[in-house]
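In: fold the following for me, if possible:
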Amino acid sequence: MFKSKRQSTVHETVSGNVNVAVHDHTCFKMSHGVERDAWYIDSAATSHMTHDKSFFKQLDTNAQGQVTVAGGGRLRVKGRGHGELVCIDNNGMPNSADVQDVLFVPDLDTNLLSVKRLIRKGLKVTFDQSGCKIIRNDGSVAATASATHAEDLYKLDKPEAALLTRKSESEECVHI
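Out: Here you go, the predicted structure:
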């Protein structure tokens, strides 16, 4: 699902309690050096996707289907739901994000945030040589991602586990 040397088309079909959706994606062959538990900003994906079932606060396992990846391989979609990511904002502070409409794809190599989905939610996504920013309508930065120069990927910045503290109920949670 990431930028590399090989390009192909991806078709996503999900059925069950959700509408059947078929999307054409331009997708790139995933390469070595990708961290399995990291989240990557993917400008080619039309859906957020994760292999990690524990990510989900809510998961509809009736949403079944498949995602066709580079080289024609197919991965089974075993659900759709939402969960929470703790990201880093522009000031280096932890920021909670409720990520909605995420496909559960157990055999996926890593986790993907779809630029197209983020934009549909009203967020702005900007890229430069050092990284990526996901920006709210009010101009504040919801999350940042660092460029991984070896593969031209953008990995979501997340706080170290030891630094995480519980956020108060009054703090904003961005929905992406």
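In: C-alpha only now, for contacts and for neighbours.
Out: OK.
In: quick one: the helices in the chain?
Out: Remark: helices assigned in the chain by DSSP state H are 115-120.
In: you'd agree Ala38 is up against Lys155?
Out: Yes - under the criterion of Cα atoms under 8 Å, Ala38 makes contact with Lys155 at 6.8 Å.
In: mind listing what the lengthiest strand in the chain pairs with, with the direction of each?
Out: Ranked by residue count under DSSP state E, the longest strand found in the chain is strand 94-104. For strand 94-104, the pairing partners within the sheet under DSSP bridges are strand 48-50 (parallel), strand 80-88 (antiparallel), strand 174-175 (parallel).
In: which residues does it contact?
Out: With Cα atoms under 8 Å, 6 or more residues apart in numbering as the test, strand 94-104 has contacts from 47-53, 77-89, 142-143, 158-159, 164, 172-176.
In: just the pLDDT for Lys155.
Out: Note for Lys155: predicted pLDDT of 93.
In: show me what contacts the nearest residue in space to it that is not next to it in sequence?
Out: Setting aside the residues directly before and after it, Lys155 is nearest to Tyr40 in space (Cα to Cα, 6 or more residues apart in numbering), at 4.5 Å. With contacts defined as Cα under 8 Å, 6+ apart, Tyr40 is in contact with 110-113, 145, 153-156.
In: more crowded one of Ala38 and Lys155?
Out: Between Ala38 and Lys155, Lys155 has the larger neighbour count (other Cα atoms under 10 Å), namely 23 against 15.
In: now do the contacts for that one.
Out: 38-41, 145-148.
In: what mean pLDDT does stretch 112-132 get?
Out: 93.
In: what residue ranges in the chain score low on pLDDT?
Out: Segments of the chain classed as low confidence (criterion: pLDDT under 70) are 1-33, 70, 149-151, 161-176.
In: one more pass at 90, please.
Out: 1-36, 42-46, 67-74, 89-92, 95, 109-110, 128-130, 148-153, 159-176 (pLDDT under 90).
In: sorry, back to before: from the contacts of Tyr40, which two are the most distant?
Out: Thr110 and Ala145 (15.1 Å; Cα to Cα).
In: higher neighbour count, those two?
Out: More crowded of Thr110 and Ala145, by other Cα under 10 Å: Ala145, with 24 against 20.
In: now the more buried one, nearest residue through space, not along the chain?
Out: Counting by Cα to Cα, 6+ apart, the nearest residue to Ala145 once its immediate chain neighbours are dropped is Leu156, at 4.0 Å.
In: please report how far that neighbour lies from Gln64.
Out: Leu156 sits at a distance of 27 Å from Gln64 (criterion: Cα to Cα, to the nearest Å).
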